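[1] Predicted coordinates and the sequence they were generated for:
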Amino acid sequence: MKHTASGIIALQNLPLEYQIERSKRLIHEAMRHFNDKMAVSFSGGKDSTVLLHLVRSLYPDVPAVFINTGLEYPEIVKFVKGTANVDMIRPKMRFKDVLDKYGYPVISKAYSKYIREIRTSKSDHLIRLRTGLEGSSFGHLASKWKYMLNAPFKISDKCCDMMKKSPAHSYQRKTGTYYIMGTMAQDSIMRFNSIMINGCNGFDMKSPQSRPLAMWTEAHIWEYIHTFNVPYSPIYDMGYARTGCMFCMFGLHMEGYPNRFELMMETHPQLYNYCMNDLGLREVLHWYPKYGYVPQTRMWA
């Protein structure tokens, strides 16, 4: 079922009781559609923790799948290992090798993709964009990001594909299962648009999946956790608002102080040093002030 933007916003404003019942109907619908061959995509974060709790309230034996990329906070990994019936899978490539081969994830997935395409394409049009001969038209690349075309390091959107999507698809092909995802429209514009076009149960998507939390908000997630006393990873009590890959820079320019790396410097100093020195993020992050983000000087020094 497709949705309008206003319809999504209206559903997001409904109370938790309604969200729970609607999500349960979506889960039952997906289970019937996929003949019960489903698994919960489990990251160990709060959203997928709520999803797993909700799904198992209906189907106690449904498996969960955790992709251990080596990029998760140690508190997340420990929490996942303490959760029952979780299949842990790994990518074929290490993150450092992905960075060396493809490039760094900066700004957003969409902008990293545009920059990579412009810098590597053999298209006459994109070559003119890259060399500045095309004037001010940069297609999908906003003007404020033009300077990143001259960055002395590779930029790419491929890390998520290699570290997460590839092993997830391999598991799916091997087991014949389909995923129940904790995706919410609130997460990003890309996810909002996907849910608007494909609906919550995306049976006709290229990778068919169920997204029963699509109309939930972060407020609903925390209300559910507190209402049902759902255990969650202690990483959130350390000040982290997001628990994705530790070394990802998507959206960093939108964060205030302390941002994820400034917080990491205090809570996980060894991982911080690994990011800055071994992975080369120090050089990449020195470019952030050029588009208006002014980090704490002690962080990048």
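    On my side now, so go ahead. All of these numbers come straight from a predicted model, not from anything done at the bench. Residues are numbered from 1 along each chain as shown.

[2] all strands of this protein, in order?
    38-41, 64-67, 86-89, 106-107, 178-180, 201-202, 209-210, 249-250 (DSSP state E).

[3] export these to a markdown table and tack on mean neighbour count, distance to Tyr272 and mean pLDDT?
    Using the backbone N, CA and C atoms, a C-beta is placed for each residue, glycine as well. Formatted as a markdown table, those follow (neighbours: other Cβ atoms under 10 Å; distance: least, Cβ to Cβ, whole Å; pLDDT from 0 to 100):
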| stretch | mean neighbour count | distance to Tyr272 | mean pLDDT |
| --- | --- | --- | --- |
| strand 38-41 | 23 | 28 | 98 |
| strand 64-67 | 22 | 23 | 97 |
| strand 86-89 | 14 | 25 | 96 |
| strand 106-107 | 26 | 18 | 92 |
| strand 178-180 | 25 | 32 | 97 |
| strand 201-202 | 21 | 38 | 94 |
| strand 209-210 | 25 | 34 | 96 |
| strand 249-250 | 22 | 14 | 92 |
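
[4] Could you dump those into CSV with distance to Trp222 added?
    Formatted as CSV, these follow (distance: least, Cβ to Cβ, whole Å):
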stretch, distance to Trp222
strand 38-41, 19
strand 64-67, 21
strand 86-89, 23
strand 106-107, 28
strand 178-180, 20
strand 201-202, 25
strand 209-210, 22
strand 249-250, 23
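
[5] out of those strands, nearest to Ser188?
    strand 249-250 (9.3 Å; Cβ to Cβ).

[6] And that closest one, how far out from the chain middle?
    10 Å (Cα atoms, centre = their mean, to the nearest Å).

[7] Which elements pack onto that strand?
    strand 106-107, helix 281-285 (3 or more Cβ pairs under 8 Å, 6 or more residues apart in numbering; DSSP states H and E).

[8] Quick check: which of the ones you listed is buried the most?
    strand 106-107 (a mean of 26; mean count of other Cβ atoms under 10 Å).

[9] my guess is Met215 meets Leu11, correct?
    Yes. Shown here, Met215 and Leu11 form a contact pair, counting by Cβ atoms under 8 Å, at 4.0 Å.

[10] Need the residues touching each of those two.
    Arg22 (Cβ atoms under 8 Å, 6 or more residues apart in numbering).

[11] of the two, who's got more company?
    Met215 (26 against 17; other Cβ atoms under 10 Å).

[12] Contact partners for that one?
    Contact analysis of Met215 by Cβ under 8 Å, 6+ apart lists 8, 11-12, 14, 19, 22, 184-185, 200.

[13] For PyMOL, what selects the buried ones among these?
    Selection of the buried residues among the contacts of Met215 in PyMOL, burial being defined by 16 or more other Cβ atoms under 10 Å:
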select buried, resi 8+11+12+19+22+184+185+200
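
[14] now the contacts of Met215 as TSV including pLDDT and distance to Tyr104?
    Listed next are the contacts of Met215 as TSV, based on pLDDT from 0 to 100; distance: Cβ to Cβ, whole Å:
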residue	pLDDT	distance to Tyr104
Ile8	94	32
Leu11	95	36
Gln12	96	33
Leu14	97	39
Gln19	98	37
Arg22	97	39
Met184	96	26
Ala185	94	28
Cys200	95	33
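
[15] which phi and psi does the most centrally placed residue in the chain have?
    For the chain, the residue nearest the mean C-alpha position is Gly244 (6.1 Å; Cα atoms, centre = their mean). When quoted as degrees, to the nearest 10, the phi and psi of Gly244 stand at phi -80, psi -150.

[16] How many residues are close by Gly182?
    26.

[17] And Leu252, by the same measure?
    19.

[18] now swap in Leu141 and tell me
    20.

[19] Relative to Ser112, how far out is it?
    Computed as Cβ to Cβ, to the nearest Å, the Leu141 to Ser112 distance reads 11 Å.

[20] Could you do His169 as well?
    Taken as Cβ to Cβ, the span from His169 to Ser112 is 20 Å.

[21] same question, Val55
    From Val55 to Ser112 the distance is 32 Å (Cβ to Cβ).
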